[in-house]
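S.K.: Got a predicted structure here, sequence first:
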Amino acid sequence: MKIKMITLFITALLTVNLQTSAQESTDTLLKNAQAIAKKEGKAIFIKFEASWCGWCHKMTKDMKAETTKKFFADNYVMLPVVVKESKDKKHLENPGSDLLLKKYNGDTAGLPFWVVLDADLKVITNSYDANGNSLGAPGSAEEVTVFIEKIKKSAKKVTASDIENITNQFVMKK
């Protein structure tokens, strides 16, 4: 009986420990992304997101769509960072995500907020437009046009077909 209780206690303790530290830290994520970016000659696309954020899910869906996923995979090391979760889902956050978001001046922006870094971790572009408003998940034709201009600054190669595919996927249909 004692052995069963001890085993149950240890299992419960390990389960709680895994739930509180299951996510990788932003330092680890960024270090791994940088190694891949240097090896493959890609930029790093950090997308700050949360489970409750519908726009975050839309952007992920748009980037992983059949017509756009190859473009993003060929040009970027995609790095989703979970931040700003509700109290009951804080365990989903990547440790250090709040600090990383603040470092890239996204702490006052809505989600998703994104930033594109070169392989040396220098900022190439971010989700702020010329007026200082965050594009978040671009959905209007105007937002997608700005998004594409930012993509052109950071991708290795952007073809007319890529632009058409991104536009068709991201612009919300009315």
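M.R.: Nice, I can see it.

S.K.: tell me the mean pLDDT for stretch 52-66?
M.R.: Stretch 52-66 shows a mean pLDDT of 98.

S.K.: got the CA coordinates for that stretch in PDB?
M.R.: Presented in PDB, the C-alpha positions along stretch 52-66 are these (Å, rounded to 0.1, in the frame of the first residue of the first chain):
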ATOM      1  CA  TRP A  52      -7.500  32.600 -27.400                       C
ATOM      2  CA  CYS A  53      -6.500  34.800 -30.300                       C
ATOM      3  CA  GLY A  54      -8.600  34.200 -33.400                       C
ATOM      4  CA  TRP A  55      -6.500  36.400 -35.600                       C
ATOM      5  CA  CYS A  56      -3.400  34.400 -34.600                       C
ATOM      6  CA  HIS A  57      -5.200  31.200 -35.800                       C
ATOM      7  CA  LYS A  58      -6.100  33.000 -39.000                       C
ATOM      8  CA  MET A  59      -2.500  34.000 -39.700                       C
ATOM      9  CA  THR A  60      -1.200  30.500 -38.900                       C
ATOM     10  CA  LYS A  61      -3.900  29.000 -41.300                       C
ATOM     11  CA  ASP A  62      -2.900  31.500 -44.000                       C
ATOM     12  CA  MET A  63       0.800  30.800 -43.700                       C
ATOM     13  CA  LYS A  64       0.200  27.100 -43.700                       C
ATOM     14  CA  ALA A  65      -2.300  27.000 -46.600                       C
ATOM     15  CA  GLU A  66      -1.500  24.800 -49.500                       C
END
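
S.K.: Report the buried residues of it.
M.R.: Neighbour counts over stretch 52-66 (16 or more other CB atoms under 10 Å) mark Cys53, Trp55, Cys56, Lys58, Met59, Thr60, Asp62, Met63 as buried. Backbone N, C-alpha and C define where each C-beta goes, glycine included.

S.K.: Which ones among those residues lie within strands?
M.R.: If you go by DSSP state E, those have nothing in strands.

S.K.: how close does Ala141 get to Val123?
M.R.: In this view, Ala141 and Val123 are 26 Å apart by CB to CB, to the nearest Å.

S.K.: Off-centre distance for stretch 167-174?
M.R.: A distance of 20 Å separates the C-alpha centroid of stretch 167-174 from that of its chain, computed with CA atoms, centre = their mean, to the nearest Å.

S.K.: for that stretch, how far is the first residue from the last?
M.R.: End-to-end distance for stretch 167-174, by CA to CA, to the nearest Å: 14 Å.

S.K.: Then stretch 72-84?
M.R.: Using CA to CA, the span of stretch 72-84 from its first residue to its last is 25 Å.

S.K.: Quick one: distance of that stretch to the chain centre.
M.R.: Here stretch 72-84 shows a centroid-to-chain-centroid distance of 4 Å under the convention CA atoms, centre = their mean.
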